[in-house]
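Asks: sequence first, predicted model second:
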Amino acid sequence: MRRLIITALCALSLTGGTSLLAQQGFIPAPTGVRRAEPWRPALGTGDTRIIGTVIDLAQQPVAYAHVQLRNLAIGIVEQKTTANGNGEYAFTVANSSSYVVEMVTVDGYVVALSNAATVSRYETTQTVVQLNGRWDAPSGRVVLPQHVSSFFGMSSQSTMTAASLQLAADMNISTADPGEPVSP
């Protein structure tokens with residue numbers, strides 16, 4: 001009887017221990033099999049990349065924006081490219097460092113910056129360049145939002161209505177329904 005109790009306690013202990021190991025995610029390797037080391041690229045291979053998107057204040061992508069990659073450690077522009085139709089860009093860099101992506105005009109003036117990013121070898125870091133207004137592609141400039149408070153105490157040429165009409169004319173927005181003519 002004593003032997004039966006000892007056998008039952010050993011079986012219960014073994015079952016409980018195995019259950020505890022399974023809950024912790026431990027699965028013993030089969031005997032005679034070595035676990036492989038995780039894959040790492042060989043020295044001097046692999047890409048170190050900085051990718052991202054250029055968007056405006058309304059979270060719309062800025063198509064074909066001119067962007068450049070500036071190395072913050074030495075302060076120089078290392079690469080230039082043009083974003084695709086969805087405002088996406090990608091840079092492949094050779095050195096680990098801190099970088100910032102700048103959107104520039106055709107003349108080379110910086111319009112907006114991304115967040116600063118530190119990238120190490122074989123990493124891909126994502127950045128976002130966000131404009132502080134709406135990008136007007138035909139004029140090549142940022143149109144800043146207008147605040148209501150800027151119209152108080154102004155003349156009739158700079159009222160909110162005049163600014164709205166001018167903005168609609170600049171964007172070629174026509175009325176959906178011209179309505180009834182108003183007589184004097």
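Replies: Arrived safely. Predicted model only: the values in this text are computed from it and were never measured.

Asks: domain-wise, how is this structure divided?
Replies: Under automatic domain parsing, the residue ranges defining each domain of the chain are 48-133, 141-170.

Asks: can those go into CSV with extra columns for mean pLDDT?
Replies: Converted to CSV, those look like this (pLDDT from 0 to 100):
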stretch, mean pLDDT
domain 48-133, 91
domain 141-170, 65
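
Asks: out of the ones you listed, which is the most enclosed?
Replies: Comparing these by mean neighbour count (mean count of other C-beta atoms under 10 Å), domain 48-133 ranks first with a mean of 16. The C-beta positions use only the backbone N, C-alpha and C, and glycine is treated the same way.

Asks: in the protein, mark out all the strands, start to finish.
Replies: For the chain, the strands defined by DSSP state E occupy 48-55, 66-71, 76-82, 88-93, 97-104, 110-113, 117-119, 124-130, 134-136, 141-143.

Asks: tell me which of the ones you listed lies nearest to R3.
Replies: Closest of the strands of the chain to R3 is strand 124-130, at 63.1 Å (criterion: C-beta to C-beta).

Asks: hmm, who's touching the closest one?
Replies: With C-beta atoms under 8 Å, 6 or more residues apart in numbering as the test, strand 124-130 has contacts from 47-57, 65, 67, 99-103, 112-115, 117-119.

Asks: angle of that strand against strand 48-55?
Replies: Orientation of strand 124-130 against strand 48-55 (axes from the mean of the first three to the mean of the last three C-alpha atoms, to 10 degrees) gives an angle of 20 degrees.

Asks: now do strand 124-130 against strand 66-71, angle only.
Replies: Going by the same axes, to 10 degrees, strand 124-130 makes 130 degrees with strand 66-71.

Asks: is A117 bridged to anything, and to what?
Replies: Y99 (DSSP bridges).

Asks: list the residues that contact it.
Replies: For A117, the contact set (C-beta under 8 Å, 6+ apart) comprises 50, 98-100, 125-127.

Asks: quick one on the thing from earlier: how about the domains of the chain in TSV, adding distance to M1?
Replies: Converted to TSV, the domains of the chain look like this (distance: least, C-beta to C-beta, whole Å):
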stretch	distance to M1
domain 48-133	65
domain 141-170	88
